[in-house]
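> Starting from these lines, generate the structure:
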Amino acid sequence: MSSVSIRFNKATYVTGEMIEGQAVCQFRSPKQFRKIKLRFKCKEHTQYSKTKARYNSLSGKTEFRPVKFTGDNIILFQEINLLEQGELPSGEHVFPFSFYIPHGFPSSFHRKNGDITYSFKLIVDRAFKFDIEDKKIVNVISLIRFHDISQILLSPLTLSDENTICCWCCSGGSIEVQLEFDNRVFTQGKAKSIRVSCSNMSNKNIEEISLKIKQKIKFITTSPSQNSKEISDTIYKTQTSGVGAHGDKTCFLIVTIPDNVDVPNFSVSRLFEVYYELKLKAVVSGCHKDLEIVTEVGITNVLHPADAPQRTFENDAINNATDYPPMPMPMVNAPVIGMPMPAEGYGLPSYSDSAYPPEQPGPLAPCNREPSAPSGPEYAQLLSNELPPPSYNQAVGN
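Now for the predicted structure:
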(Lines give C-alpha, C1' and ligand atoms only; values in the text may rest on other atoms or scores of the structure.)
Protein backbone atom coordinates (compact mmCIF):
# COMPACT_ATOMS: atom_id res chain seq x y z
CA MET A 1 0.00 0.00 0.00
CA SER A 2 1.32 3.44 -0.88
CA SER A 3 1.90 5.97 1.91
CA VAL A 4 3.38 9.37 2.65
CA SER A 5 5.09 10.68 5.81
CA ILE A 6 6.61 13.88 7.23
CA ARG A 7 9.99 13.81 8.95
CA PHE A 8 11.48 16.68 10.96
CA ASN A 9 15.18 17.28 11.61
CA LYS A 10 14.43 17.78 15.32
CA ALA A 11 11.47 17.53 17.68
CA THR A 12 11.32 21.12 19.03
CA TYR A 13 11.89 24.45 17.34
CA VAL A 14 12.19 28.03 18.60
CA THR A 15 10.54 31.08 17.06
CA GLY A 16 12.93 32.76 14.65
CA GLU A 17 14.22 29.39 13.37
CA MET A 18 13.60 27.47 10.17
CA ILE A 19 11.57 24.27 10.50
CA GLU A 20 13.38 21.83 8.25
CA GLY A 21 12.38 18.33 7.27
CA GLN A 22 11.52 15.95 4.45
CA ALA A 23 8.28 14.92 2.79
CA VAL A 24 8.60 11.22 1.93
CA CYS A 25 6.37 9.45 -0.61
CA GLN A 26 6.51 5.65 -0.87
CA PHE A 27 4.60 4.27 -3.86
CA ARG A 28 4.16 0.58 -4.59
CA SER A 29 3.10 1.41 -8.15
CA PRO A 30 3.32 4.45 -10.42
CA LYS A 31 1.05 7.24 -9.25
CA GLN A 32 -0.53 10.08 -11.19
CA PHE A 33 -1.41 13.23 -9.28
CA ARG A 34 -2.53 16.78 -9.77
CA LYS A 35 -0.24 18.18 -7.04
CA ILE A 36 1.95 17.16 -4.13
CA LYS A 37 1.64 19.95 -1.59
CA LEU A 38 2.60 20.70 2.00
CA ARG A 39 0.58 22.92 4.35
CA PHE A 40 1.94 24.61 7.45
CA LYS A 41 -0.64 26.00 9.87
CA CYS A 42 -0.72 27.55 13.34
CA LYS A 43 -4.24 27.39 14.77
CA GLU A 44 -5.71 28.32 18.14
CA HIS A 45 -8.88 26.84 19.58
CA THR A 46 -10.82 27.42 22.81
CA GLN A 47 -13.79 25.62 24.31
CA TYR A 48 -15.64 25.36 27.59
CA SER A 49 -19.18 25.02 28.91
CA LYS A 50 -21.20 27.30 31.14
CA THR A 51 -24.54 26.83 32.79
CA LYS A 52 -27.15 29.37 31.77
CA ALA A 53 -30.58 30.01 33.22
CA ARG A 54 -33.62 30.05 30.96
CA TYR A 55 -37.24 30.69 31.83
CA ASN A 56 -39.69 28.12 30.43
CA SER A 57 -42.95 29.90 29.75
CA LEU A 58 -44.84 26.62 29.35
CA SER A 59 -43.89 25.17 32.71
CA GLY A 60 -43.46 28.53 34.41
CA LYS A 61 -40.10 27.45 35.84
CA THR A 62 -36.50 28.53 35.44
CA GLU A 63 -34.40 25.85 33.79
CA PHE A 64 -30.63 25.52 33.77
CA ARG A 65 -28.87 24.07 30.78
CA PRO A 66 -25.22 23.84 29.68
CA VAL A 67 -24.06 26.04 26.82
CA LYS A 68 -20.88 25.24 24.90
CA PHE A 69 -18.69 28.19 23.91
CA THR A 70 -15.98 27.82 21.26
CA GLY A 71 -13.43 29.95 19.47
CA ASP A 72 -11.21 29.30 16.44
CA ASN A 73 -8.57 31.42 14.79
CA ILE A 74 -5.80 30.69 12.27
CA ILE A 75 -2.67 32.63 13.22
CA LEU A 76 -0.41 31.44 10.38
CA PHE A 77 -1.06 29.54 7.15
CA GLN A 78 1.41 28.69 4.39
CA GLU A 79 1.21 26.20 1.53
CA ILE A 80 3.91 25.16 -0.93
CA ASN A 81 3.73 22.87 -3.96
CA LEU A 82 6.43 20.25 -3.82
CA LEU A 83 5.59 18.93 -7.29
CA GLU A 84 3.15 20.02 -9.98
CA GLN A 85 0.86 17.74 -11.98
CA GLY A 86 2.55 14.63 -13.26
CA GLU A 87 3.41 11.02 -12.51
CA LEU A 88 5.96 9.37 -10.24
CA PRO A 89 7.26 5.82 -10.56
CA SER A 90 7.11 3.29 -7.78
CA GLY A 91 9.63 3.60 -4.96
CA GLU A 92 10.59 6.22 -2.37
CA HIS A 93 10.63 9.92 -3.23
CA VAL A 94 12.01 12.51 -0.80
CA PHE A 95 11.25 16.26 -0.98
CA PRO A 96 13.10 18.51 1.50
CA PHE A 97 11.26 21.56 2.83
CA SER A 98 11.74 24.47 5.21
CA PHE A 99 9.36 26.95 6.84
CA TYR A 100 10.23 30.06 8.84
CA ILE A 101 8.59 30.77 12.24
CA PRO A 102 8.52 34.54 12.82
CA HIS A 103 9.66 36.03 16.12
CA GLY A 104 6.91 36.77 18.62
CA PHE A 105 4.57 34.04 17.44
CA PRO A 106 2.88 32.05 20.23
CA SER A 107 4.21 28.90 21.84
CA SER A 108 2.67 25.48 21.40
CA PHE A 109 0.04 25.29 24.10
CA HIS A 110 -2.28 22.49 25.19
CA ARG A 111 -4.85 22.73 27.98
CA LYS A 112 -8.28 21.29 28.65
CA ASN A 113 -10.03 24.49 27.60
CA GLY A 114 -7.90 25.36 24.59
CA ASP A 115 -4.75 24.79 22.58
CA ILE A 116 -2.37 26.37 20.09
CA THR A 117 -1.05 23.85 17.56
CA TYR A 118 1.58 24.00 14.82
CA SER A 119 0.77 21.31 12.25
CA PHE A 120 2.05 20.08 8.89
CA LYS A 121 -0.08 18.25 6.36
CA LEU A 122 1.32 16.44 3.30
CA ILE A 123 -1.20 15.83 0.52
CA VAL A 124 -0.90 13.87 -2.71
CA ASP A 125 -3.87 15.28 -4.63
CA ARG A 126 -5.25 12.70 -7.08
CA ALA A 127 -8.13 13.22 -9.48
CA PHE A 128 -11.24 11.10 -8.83
CA LYS A 129 -9.38 9.11 -6.15
CA PHE A 130 -8.76 9.32 -2.44
CA ASP A 131 -5.89 11.63 -1.58
CA ILE A 132 -2.87 10.18 0.20
CA GLU A 133 -2.22 12.28 3.32
CA ASP A 134 -0.12 12.52 6.46
CA LYS A 135 -0.37 15.02 9.31
CA LYS A 136 2.24 15.78 11.96
CA ILE A 137 2.39 18.24 14.87
CA VAL A 138 5.61 20.04 15.76
CA ASN A 139 6.44 21.61 19.12
CA VAL A 140 7.37 25.31 19.07
CA ILE A 141 8.81 27.37 21.93
CA SER A 142 8.38 31.13 21.84
CA LEU A 143 11.10 33.17 23.51
CA ILE A 144 10.11 35.94 25.91
CA ARG A 145 12.97 38.39 26.50
CA PHE A 146 13.29 41.48 28.66
CA HIS A 147 12.47 43.85 25.80
CA ASP A 148 9.23 41.92 25.23
CA ILE A 149 8.03 42.84 28.71
CA SER A 150 6.14 46.06 29.46
CA GLN A 151 8.47 48.90 30.44
CA ILE A 152 6.35 49.51 33.52
CA LEU A 153 7.48 46.18 34.97
CA LEU A 154 11.16 46.95 34.33
CA SER A 155 11.22 49.98 36.65
CA PRO A 156 12.06 49.83 40.38
CA LEU A 157 9.03 49.81 42.65
CA THR A 158 8.30 49.89 46.38
CA LEU A 159 4.87 48.85 47.68
CA SER A 160 3.52 48.88 51.21
CA ASP A 161 0.44 48.08 53.26
CA GLU A 162 -0.39 49.35 56.73
CA ASN A 163 -3.00 48.46 59.33
CA THR A 164 -3.81 49.76 62.80
CA ILE A 165 -4.76 47.10 65.34
CA CYS A 166 -7.85 48.06 67.35
CA CYS A 167 -9.49 46.26 70.25
CA TRP A 168 -12.74 47.59 71.74
CA CYS A 169 -12.10 51.04 70.27
CA CYS A 170 -8.61 51.14 71.75
CA SER A 171 -5.61 51.42 69.45
CA GLY A 172 -3.15 48.57 69.82
CA GLY A 173 -0.44 49.94 67.53
CA SER A 174 0.22 49.80 63.80
CA ILE A 175 1.75 47.21 61.46
CA GLU A 176 3.44 48.04 58.17
CA VAL A 177 4.77 45.70 55.48
CA GLN A 178 6.96 46.94 52.64
CA LEU A 179 7.95 45.14 49.44
CA GLU A 180 10.86 46.40 47.31
CA PHE A 181 11.61 45.41 43.69
CA ASP A 182 14.53 46.38 41.50
CA ASN A 183 12.17 45.28 38.70
CA ARG A 184 9.14 43.01 38.58
CA VAL A 185 10.45 40.59 35.95
CA PHE A 186 11.44 37.02 36.84
CA THR A 187 13.55 34.81 34.60
CA GLN A 188 12.57 31.18 34.55
CA GLY A 189 15.17 29.04 36.34
CA LYS A 190 17.10 32.06 37.72
CA ALA A 191 16.98 33.08 41.39
CA LYS A 192 15.80 36.59 42.15
CA SER A 193 15.77 38.35 45.54
CA ILE A 194 12.90 40.43 46.86
CA ARG A 195 13.38 42.65 49.88
CA VAL A 196 10.64 42.48 52.52
CA SER A 197 10.48 44.81 55.53
CA CYS A 198 7.99 44.47 58.37
CA SER A 199 7.52 46.89 61.26
CA ASN A 200 5.22 45.61 64.00
CA MET A 201 4.49 48.33 66.56
CA SER A 202 1.33 46.58 67.79
CA ASN A 203 0.72 44.21 70.67
CA LYS A 204 -0.14 41.36 68.27
CA ASN A 205 2.17 38.86 66.61
CA ILE A 206 2.63 38.39 62.87
CA GLU A 207 2.53 34.61 62.60
CA GLU A 208 4.07 34.27 59.11
CA ILE A 209 4.85 36.12 55.89
CA SER A 210 4.00 34.24 52.69
CA LEU A 211 4.53 34.97 49.00
CA LYS A 212 2.67 33.44 46.05
CA ILE A 213 2.86 33.91 42.29
CA LYS A 214 -0.17 32.94 40.25
CA GLN A 215 -0.52 32.41 36.52
CA LYS A 216 -3.91 33.52 35.22
CA ILE A 217 -4.86 32.43 31.71
CA LYS A 218 -7.95 33.79 29.99
CA PHE A 219 -9.68 31.63 27.35
CA ILE A 220 -11.70 33.78 24.91
CA THR A 221 -14.52 32.36 22.77
CA THR A 222 -16.43 33.82 19.82
CA SER A 223 -19.38 31.43 19.36
CA PRO A 224 -22.29 31.56 20.10
CA SER A 225 -21.21 34.92 21.59
CA GLN A 226 -18.14 36.72 22.83
CA ASN A 227 -17.23 35.29 26.23
CA SER A 228 -14.24 34.36 28.36
CA LYS A 229 -13.16 32.08 31.18
CA GLU A 230 -10.16 32.56 33.47
CA ILE A 231 -8.19 29.77 35.12
CA SER A 232 -5.66 30.50 37.87
CA ASP A 233 -2.75 28.28 38.96
CA THR A 234 -0.15 28.87 41.69
CA ILE A 235 3.26 28.41 40.06
CA TYR A 236 5.43 29.42 43.02
CA LYS A 237 5.05 29.92 46.77
CA THR A 238 7.32 30.44 49.76
CA GLN A 239 7.08 31.73 53.30
CA THR A 240 9.19 32.93 56.19
CA SER A 241 8.75 33.39 59.93
CA GLY A 242 6.73 36.28 61.29
CA VAL A 243 7.50 39.13 63.67
CA GLY A 244 6.69 39.37 67.36
CA ALA A 245 4.88 42.24 69.00
CA HIS A 246 6.82 45.53 69.05
CA GLY A 247 9.47 44.15 66.72
CA ASP A 248 10.67 44.62 63.17
CA LYS A 249 12.31 42.48 60.52
CA THR A 250 13.96 42.88 57.14
CA CYS A 251 14.63 39.81 55.01
CA PHE A 252 15.14 38.66 51.44
CA LEU A 253 12.86 36.13 49.80
CA ILE A 254 14.57 34.12 47.05
CA VAL A 255 12.16 33.42 44.19
CA THR A 256 13.00 30.91 41.43
CA ILE A 257 10.35 30.09 38.83
CA PRO A 258 10.72 26.32 38.14
CA ASP A 259 11.83 25.20 34.70
CA ASN A 260 8.84 22.86 34.36
CA VAL A 261 6.36 25.76 34.48
CA ASP A 262 4.77 26.45 31.10
CA VAL A 263 5.46 30.11 30.25
CA PRO A 264 3.44 30.79 27.08
CA ASN A 265 3.76 33.73 24.75
CA PHE A 266 0.35 35.03 23.61
CA SER A 267 1.54 38.30 22.08
CA VAL A 268 -0.23 37.79 18.71
CA SER A 269 -2.99 35.51 19.96
CA ARG A 270 -6.64 36.58 19.80
CA LEU A 271 -8.11 33.83 21.98
CA PHE A 272 -5.59 33.64 24.85
CA GLU A 273 -4.26 36.10 27.42
CA VAL A 274 -1.85 35.49 30.30
CA TYR A 275 -1.32 37.51 33.46
CA TYR A 276 1.00 36.91 36.43
CA GLU A 277 0.07 38.11 39.92
CA LEU A 278 2.33 38.29 42.98
CA LYS A 279 0.75 38.43 46.44
CA LEU A 280 2.59 39.03 49.71
CA LYS A 281 0.57 38.25 52.84
CA ALA A 282 1.38 38.94 56.50
CA VAL A 283 -0.85 36.84 58.78
CA VAL A 284 -1.80 38.69 61.98
CA SER A 285 -2.73 36.64 65.05
CA GLY A 286 -6.26 36.87 66.40
CA CYS A 287 -9.34 38.22 64.66
CA HIS A 288 -7.59 40.97 62.76
CA LYS A 289 -7.23 41.78 59.08
CA ASP A 290 -4.13 40.38 57.40
CA LEU A 291 -1.86 42.69 55.44
CA GLU A 292 -1.66 42.03 51.68
CA ILE A 293 0.32 43.48 48.78
CA VAL A 294 -0.80 42.46 45.28
CA THR A 295 0.98 43.49 42.07
CA GLU A 296 1.49 42.37 38.49
CA VAL A 297 4.80 40.72 37.54
CA GLY A 298 6.30 39.40 34.32
CA ILE A 299 8.15 36.16 33.52
CA THR A 300 10.72 35.56 30.79
CA ASN A 301 12.00 32.18 29.65
CA VAL A 302 15.41 33.30 28.36
CA LEU A 303 18.08 35.76 29.50
CA HIS A 304 20.71 37.13 27.13
CA PRO A 305 23.76 39.22 28.12
CA ALA A 306 22.37 42.11 26.09
CA ASP A 307 19.22 42.23 28.19
CA ALA A 308 18.79 44.95 30.78
CA PRO A 309 20.83 44.07 33.89
CA GLN A 310 18.96 43.63 37.12
CA ARG A 311 20.20 44.53 40.57
CA THR A 312 19.90 41.53 42.86
CA PHE A 313 20.55 40.80 46.49
CA GLU A 314 21.79 37.19 46.20
CA ASN A 315 25.02 38.00 48.00
CA ASP A 316 23.11 39.30 50.98
CA ALA A 317 20.52 36.53 51.19
CA ILE A 318 21.77 33.31 52.79
CA ASN A 319 18.67 31.17 53.11
CA ASN A 320 15.18 31.38 51.73
CA ALA A 321 14.46 34.23 54.10
CA THR A 322 17.18 35.68 56.32
CA ASP A 323 17.52 38.67 58.58
CA TYR A 324 20.14 41.34 58.19
CA PRO A 325 23.48 40.25 59.69
CA PRO A 326 24.37 41.94 63.00
CA MET A 327 26.54 45.01 62.99
CA PRO A 328 30.25 44.25 63.46
CA MET A 329 31.62 44.72 67.00
CA PRO A 330 34.36 47.35 67.55
CA MET A 331 37.94 46.09 67.35
CA VAL A 332 39.85 45.58 70.57
CA ASN A 333 43.05 47.67 70.84
CA ALA A 334 42.36 49.15 67.45
CA PRO A 335 44.76 51.87 66.33
CA VAL A 336 43.56 55.46 66.55
CA ILE A 337 42.71 56.86 63.14
CA GLY A 338 45.17 59.56 62.10
CA MET A 339 48.01 58.38 64.39
CA PRO A 340 51.11 56.67 63.02
CA MET A 341 50.89 52.90 63.45
CA PRO A 342 53.93 50.59 63.71
CA ALA A 343 53.93 47.89 61.08
CA GLU A 344 55.08 45.11 63.40
CA GLY A 345 52.45 45.64 66.07
CA TYR A 346 49.34 44.92 64.03
CA GLY A 347 50.36 42.15 61.68
CA LEU A 348 50.95 44.39 58.69
CA PRO A 349 53.73 43.53 56.21
CA SER A 350 57.20 44.80 57.11
CA TYR A 351 59.15 46.89 54.63
CA SER A 352 62.58 45.97 55.93
CA ASP A 353 63.20 43.64 52.97
CA SER A 354 61.35 45.67 50.41
CA ALA A 355 63.12 47.26 47.45
CA TYR A 356 61.36 50.53 48.16
CA PRO A 357 61.70 52.31 51.50
CA PRO A 358 58.48 53.12 53.32
CA GLU A 359 57.13 56.60 53.01
CA GLN A 360 57.70 58.85 56.00
CA PRO A 361 54.50 59.74 57.81
CA GLY A 362 53.38 63.30 57.29
CA PRO A 363 52.92 65.87 60.03
CA LEU A 364 50.17 65.14 62.47
CA ALA A 365 47.05 67.23 62.45
CA PRO A 366 46.81 69.69 65.34
CA CYS A 367 44.82 68.50 68.30
CA ASN A 368 41.39 70.09 68.57
CA ARG A 369 40.95 69.37 72.27
CA GLU A 370 41.04 72.25 74.81
CA PRO A 371 44.27 72.35 76.85
CA SER A 372 43.89 71.15 80.44
CA ALA A 373 44.03 73.73 83.26
CA PRO A 374 47.50 73.99 85.00
CA SER A 375 47.76 72.82 88.61
CA GLY A 376 50.30 71.76 91.24
CA PRO A 377 52.87 73.56 93.50
CA GLU A 378 54.76 75.08 90.56
CA TYR A 379 51.57 76.80 89.39
CA ALA A 380 50.94 78.12 92.96
CA GLN A 381 54.49 79.59 93.12
CA LEU A 382 53.91 81.23 89.75
CA LEU A 383 50.74 82.87 91.01
CA SER A 384 52.49 84.21 94.16
CA ASN A 385 55.10 86.09 92.07
CA GLU A 386 52.50 87.85 89.94
CA LEU A 387 51.26 91.40 90.76
CA PRO A 388 47.72 91.75 92.12
CA PRO A 389 45.09 93.09 89.72
CA PRO A 390 44.51 96.91 89.74
CA SER A 391 41.78 98.41 91.91
CA TYR A 392 38.72 100.15 90.50
CA ASN A 393 40.05 103.68 91.16
CA GLN A 394 43.34 102.80 89.46
CA ALA A 395 41.50 101.36 86.48
CA VAL A 396 39.22 104.40 85.97
CA GLY A 397 41.61 107.12 87.16
CA ASN A 398 43.33 109.61 84.87
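
> how near is Phe8 to Pro264?
21 Å (CB to CB, to the nearest Å). (C-beta placed from N, C-alpha, C; glycine too.)

> Could you check which of these two has the larger neighbour count?
Set side by side, Phe8 and Pro264 show more neighbours around Pro264, with 20 against 16, by other CB atoms under 10 Å.

> The more buried one contacts Phe105, correct?
No - contact criterion CB atoms under 8 Å: Pro264 and Phe105 do not qualify, at 11.4 Å.

> got any residues that touch both of these two?
Common contact partners of Pro264 and Phe105 (CB atoms under 8 Å, 6 or more residues apart in numbering): Ser142.

> could you measure the spatially closest residue to Lys61 that is not a sequence neighbour against Arg65, distance?
Counting by CB to CB, 6 or more residues apart in numbering, Lys61 lies nearest to Tyr55, which is 7.7 Å off, once chain neighbours are set aside. Per CB to CB, Tyr55 is found 12 Å from Arg65.

> Same question for Ser150.
41 Å.

> next one: Ser285
48 Å.

> between the two, which one's more packed in?
Under the criterion of other CB under 10 Å, the comparison of Ser285 against Arg65 puts Ser285 first, with 13 against 8.

> Tell me the first helix or strand C-terminal of the helix or strand Asn73 falls within.
Element membership of Asn73, judged by DSSP states H and E, is strand 61-83. The first helix or strand that comes after strand 61-83 along the chain, using DSSP H and E, is strand 86-88.

> other SSEs contacting that following strand?
strand 31-33 (3 or more CB pairs under 8 Å, 6 or more residues apart in numbering; DSSP states H and E).

> which regions of the chain sit below the pLDDT cut-off?
Scanning the chain for pLDDT under 70 picks out 166-172, 303-398.

> Spell out which residues make up each domain of it.
The chain breaks down into these domains under automatic domain parsing: 3-141, 146-323.

> from the ones you listed, which stretch is densest packed?
domain 146-323 (a mean of 16; mean count of other CB atoms under 10 Å).

> Run the chain-centre distance for it.
9 Å (CA atoms, centre = their mean, to the nearest Å).

> how about the helices of the stretch 151-300 of the chain, start to end?
With helices called from DSSP state H, counting those that start in this stretch, the stretch 151-300 of the chain shows none.

> Arg237 contacts Ser210, doesn't it?
Quick fix: residue 237 reads Lys, not Arg. Yes - Lys237 lies in contact with Ser210 (CB under 8 Å); the separation is 6.9 Å.

> Need the residue closest to the centroid of this structure.
Phe186 (1.5 Å; CA atoms, centre = their mean).

> So what sits opposite it in the bridge?
Ile299 (DSSP bridges).

> Quick check, it in contact with Thr300.
Yes - under the criterion of CB under 8 Å, Phe186 makes contact with Thr300 at 7.4 Å.

> what helix or strand does the residue nearest to Lys61 sit in?
strand 35-56.

> what about that strand, distance to the chain center?
Worked out by CA atoms, centre = their mean, strand 35-56 lies 32 Å from the chain centre.

> Direction included, what does that strand pair up with?
By DSSP bridges, strand 35-56 pairs with strand 61-83 (antiparallel), strand 114-125 (antiparallel).

> quick one: which of those is nearest Ile217?
Go through the strands paired with strand 35-56 one by one with CB to CB and the one that ends up closest to Ile217 is strand 114-125, at 8.5 Å.

> so how far is Phe146 from Lys136?
34 Å.

> Who does the residue nearest to Lys61 form a beta bridge with?
Thr62.

> Contact partners for Val185?
So Val185 contacts Phe146, Ile149, Leu153, Leu154, Val297, Gly298, Ile299, Thr300, Gln310 (CB under 8 Å, 6+ apart).

> Check Phe33 too.
Contact analysis of Phe33 by CB under 8 Å, 6+ apart lists Leu83, Gln85, Gly86, Glu87, Leu88, Val124, Asp125, Arg126.

> for the residues you listed, which one is nearest Glu273?
Distances from Glu273 to these, taken by CB to CB, are shortest for Asp125, at 38.6 Å.

> wait, what's in contact with the closest one?
Taking CB under 8 Å, 6+ apart, one finds Phe33, Arg34, Lys35, Ile36, Lys37, Asp131 in contact with Asp125.

> next one: Gly286
Lys204.

> Which phi and psi values does it adopt?
As for Gly286, its main-chain torsions (degrees, to the nearest 10) stand at phi 80, psi -170.

> Run through the neighbouring helices and strands of the one helix or strand Ile137 maps to.
If you go by DSSP H and E, Ile137 is part of strand 132-141. Counting contacts by 3+ CB pairs under 8 Å, 6+ apart, strand 132-141 packs against strand 3-8, strand 12-14, strand 114-125.
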